[in-house]
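K.L.:
One predicted model, sequence on top.
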Amino acid sequence: MAQAIGQRRGLSLALVMLVFMAGFVSLGVWQVHRLAWKEALIARVDARVHAAPVPAPGPQAWPSISAKNSEYRRISLTGQFENVPATLVKAVTDKGSGFWVMAPFADQRGFTVLVNRGFVQDRKAGEKPAPTQKQRITGLLRITEPGGGFLQSNQPATNRWFSRDVSAIARARHLTGFAPYFIDQSAGEVAADGPIGGLTVIRFPNNHLSYAITWFVLAAMSLFAAGWLIRERFRPTSG
């Protein structure tokens, strides 16, 4: 009787191991799909970053703009910075903590785009007005960052900003006809004593292969355990 109960328990454990194996295989396959998606994303963004700039999307294109089809595209604007105070947004970069300098730029086609002119460590440096002469600028299209950041909400009433929230900044600065995206201006287009441009971080962690291998190894271990338990279940007993 005790032997039969032990055998049933062994078989039940084997079935549990097989269920675990199926789950681990599913997770491994999912990570393989994620790996393909991530590699395609990296290739797509790399192509956009190194492409020649194209005119910034105008109002007709705004409804269709998304991170998937537009972010990190290299674009250009021709016009001038508006004569309004810049918005300083908290930033942490490889150069330390400080602020992004967000300034509205009026494109000659009749709409406004917030431009991240770059990084400053000192608030007073960021408050220097941008040059207002007509010019052409280039940079990377970025998607708005609503709400806040650094575990804090934006506070327009006190001019404290923790994310580059295009709509909120535009409302606070009484801007109209503004694009739903902003631009990280290219390095080298700002005066030497101005904000430091070109600090856009483009890093996509890609650990999906190691995750997939881990899940498949666990699946193999579960299968081995199930096989051992089944073998023990049907092992002939002596005597």
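P.N.:
Yep, that arrived.

K.L.:
Show me how this protein divides into domains.
P.N.:
Here the domain assignment for the chain is 2-45+206-234, 73-185, based on automatic domain parsing.

K.L.:
ok now stretch 150-168, how far from the chain's centre?
P.N.:
Centroid displacement of stretch 150-168 relative to its chain, using C-alpha atoms, centre = their mean, to the nearest Å, is 19 Å.

K.L.:
whoops, I mixed them up, stretch 83-97
P.N.:
Counting by C-alpha atoms, centre = their mean, stretch 83-97 comes out at 19 Å from the chain centroid.

K.L.:
coming back round to it: could you dump the domains of the chain into a markdown table with mean neighbour count added?
P.N.:
Every C-beta, even on glycine, is put in place using the N, C-alpha and C of the backbone. Below are the domains of the chain laid out as a markdown table (neighbours: other C-beta atoms under 10 Å):
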| stretch | mean neighbour count |
| --- | --- |
| domain 2-45+206-234 | 15 |
| domain 73-185 | 17 |
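
K.L.:
any chance of the ones you listed in JSON lines, plus distance to residue 195?
P.N.:
Shown next, in JSON lines, are the domains of the chain (distance: least, C-beta to C-beta, whole Å):
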{"stretch": "domain 2-45+206-234", "distance to residue 195": "24"}
{"stretch": "domain 73-185", "distance to residue 195": "3"}
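
K.L.:
Could you tell me the least trusted of those?
P.N.:
Ranked by mean pLDDT, those bottom out at domain 2-45+206-234, which scores a mean of 79.

K.L.:
What segments of this protein are helices?
P.N.:
2-49, 67-70, 123-126, 166-172, 208-234 (DSSP state H).

K.L.:
Out of these, which gets nearest to residue 156?
P.N.:
Taking C-beta to C-beta, helix 166-172 is the member of the helices of the chain nearest to residue 156, at 4.2 Å.

K.L.:
Send me that closest one as CSV with only the CA atoms.
P.N.:
Listed in CSV are the C-alpha atoms of helix 166-172, where the atom choice follows Å, rounded to 0.1, in the frame of the first residue of the first chain:
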residue,chain,number,x,y,z
VAL,A,166,4.6,69.5,-24.3
SER,A,167,0.9,70.2,-23.7
ALA,A,168,1.5,71.4,-20.1
ILE,A,169,4.4,73.6,-21.0
ALA,A,170,2.6,75.1,-23.9
ARG,A,171,-0.4,76.0,-21.7
ALA,A,172,1.8,77.5,-19.1
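
K.L.:
tell me the contacts of residue 126?
P.N.:
Neighbour list for residue 126: 86, 88, 98-99, 101, 120, 195 [criterion: C-beta atoms under 8 Å, 6 or more residues apart in numbering].

K.L.:
That concludes my questions; thank you for your assistance.
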